[in-house]
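Colleague: Here's a sequence, model it:
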Amino acid sequence: MSQCQATTKKKKRCLNNAVSGGRFCQLHQDTVDGTSLRKAATVVIGTIAGHAIFPGVGTIVGLAVAALVAEEDDGSKGMKTSVFISFDFENDKKLKDFIIGQSKRTDSPFSVVDQSLKEAVPERDWEKKADAAIARSSVVLVMVGPQTYKASGVLKEVKMARSRNKKIVQVIGYKDGNYTRVPDAGQLYTWNWENLKKLLG
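Modeller: The predicted model follows:
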């Protein structure tokens, strides 16, 4: 299976696998199709406008201007940052659901990478699946609860993310209490929508 040909907002290559027989992953397929239509429309409109302003050479001028405008919309606009959620499976399952809910907001700059959790598969398979999901993501989001700093699954996922040079962001999952940051997972942030948009955009 080939790698998705799309580019993220940060001009990096998407790490997801392309859909069977296609050039893009499921996440980017619709966005890219829509972008292609917008590019074609921009070229046509630019040509007509250029010809009206500069008869004779307007077609050439219009095409050049339209191509420049279309180049700005290179398929990365509207693409969301792919995020893997790491959390304390034993104590904080609901935090993952909250983040998935926020990823579905219309103004959300991120999407959640689908992953298999260890409740459904043996430990060895869970680690393999988690590592594959982290490889497909741009950011690993650690949702921090009271015991997360010592949760073995989270520590393994952070190690996987580091080995793949992934950006790691850790966010406090609850309003009240004192929380210890997860080792080697960077700065600990407060969970609010503005922070998430900034960190995951």
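
Colleague: next helix or strand past the one helix or strand residue 130 maps to?
Modeller: Assessed by DSSP states H and E, residue 130 sits inside helix 123-136. Next helix or strand after helix 123-136 toward the C-terminus (DSSP H and E): strand 139-144.

Colleague: what helices or strands is the helix or strand that contains residue 85 leaning on?
Modeller: In this structure, residue 85 sits in strand 81-87 according to DSSP H and E. Of the remaining helices and strands, those touching strand 81-87 by 3 or more CB pairs under 8 Å, 6 or more residues apart in numbering; DSSP states H and E are helix 93-103, strand 110-112, helix 123-136, strand 139-144, helix 152-163. (Each C-beta comes from the backbone N, C-alpha and C, glycine too.)

Colleague: got the domain boundaries for the protein?
Modeller: Taking automatic domain parsing as the reference, the chain has its domains at 1-76, 81-200.

Colleague: between these, which has the poorest average model confidence?
Modeller: If you rank the domains of the chain by mean pLDDT, domain 1-76 sits at the bottom with a mean of 57.

Colleague: picking that back up, name the residues of the helix holding residue 130 that are buried.
Modeller: Of all the residues in helix 123-136, those buried under the rule 16 or more other CB atoms under 10 Å are 126-127, 129-131, 133-136.

Colleague: export that helix as PDB, just CAs?
Modeller: Coordinates of the C-alpha atoms in helix 123-136 are reproduced here as PDB (Å, rounded to 0.1, in the frame of the first residue of the first chain):
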ATOM      1  CA  GLU A 123      -0.400  -6.600  24.800                       C
ATOM      2  CA  ARG A 124       2.200  -7.400  22.000                       C
ATOM      3  CA  ASP A 125      -0.400  -6.700  19.300                       C
ATOM      4  CA  TRP A 126      -1.500  -3.500  21.000                       C
ATOM      5  CA  GLU A 127       2.000  -2.100  21.000                       C
ATOM      6  CA  LYS A 128       2.400  -2.900  17.300                       C
ATOM      7  CA  LYS A 129      -0.900  -1.200  16.500                       C
ATOM      8  CA  ALA A 130      -0.200   1.800  18.700                       C
ATOM      9  CA  ASP A 131       3.200   2.200  17.000                       C
ATOM     10  CA  ALA A 132       1.600   2.100  13.600                       C
ATOM     11  CA  ALA A 133      -1.000   4.600  14.500                       C
ATOM     12  CA  ILE A 134       1.700   6.900  16.000                       C
ATOM     13  CA  ALA A 135       3.600   6.600  12.700                       C
ATOM     14  CA  ARG A 136       0.500   7.800  10.800                       C
END
